[in-house]
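Trainee: Here's my sequence, what's the structure:
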Amino acid sequence: MKKTNTLQKGLLLAVLIANATLKLLAQSSQGITQATSEVQSYVDPVANLIIAIGAVVGLIGGIRVYIKWQSGDQDTQKALMGWFGACLFLILVGVVIRAFFG
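Mentor: Residues are numbered from 1 along each chain as shown. Presented below is the predicted three-dimensional model:
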């Protein structure tokens, strides 16, 4: 009699643990789905912002290189490559973010 009662309590405890585990797994699945949709909603604005920053950096860099060129500075090519590299990096980051998360 006592052995059967202990067995029933153990079985009831196992069923309760299994039920709680299933509920937790279902909630974490919903959380992951919600987080994925939220991240995807931020991808386009962030990628557009990064590309816009890259365009502004390109314009500023072009103006600075032009000013250096007009003043006869010998470092024009170095400045051009630095500004062009920064602009290209920012534009590629925006494209890669959109491709990776979009």
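
Trainee: which other helices and strands contact the helix-or-strand element of the chain with minimal mean pLDDT?
Mentor: Confidence across the helices and strands of the chain bottoms out at helix 2-70, with a mean of 78, counting by mean pLDDT, DSSP states H and E. Packing contacts for helix 2-70, counted by 3 or more Cβ pairs under 8 Å, 6 or more residues apart in numbering; DSSP states H and E, involve helix 76-101. (C-beta placed from N, C-alpha, C; glycine too.)

Trainee: Need the mean per-residue confidence for the helix it packs on.
Mentor: On average, the pLDDT along helix 76-101 is 86.

Trainee: show me the contacts for Thr76.
Mentor: Val65, Lys68, Trp69 (Cβ atoms under 8 Å, 6 or more residues apart in numbering).

Trainee: my guess is the second one contacts Gln77, does it?
Mentor: Right, Lys68. No: if you go by Cβ atoms under 8 Å, Lys68 and Gln77 don't touch, sitting 9.9 Å apart.

Trainee: Tell me which of these two has more neighbours.
Mentor: Using other Cβ atoms under 10 Å as the criterion, Lys68 and Gln77 rank with Lys68 on top: 17 against 11.

Trainee: Identify the residue spatially nearest to that one, adjacent ones excluded.
Mentor: Nearest-residue entry for Lys68: Thr76, 5.1 Å, with adjacent residues in sequence omitted and distances by Cβ to Cβ, 6 or more residues apart in numbering.

Trainee: Any figure for the gap between the one you found and Trp83?
Mentor: Between Thr76 and Trp83 the computed distance is 11 Å (Cβ to Cβ, to the nearest Å).

Trainee: How about Ala35?
Mentor: Remark: distance between Ala35 and Trp83 (Cβ to Cβ) = 37 Å.
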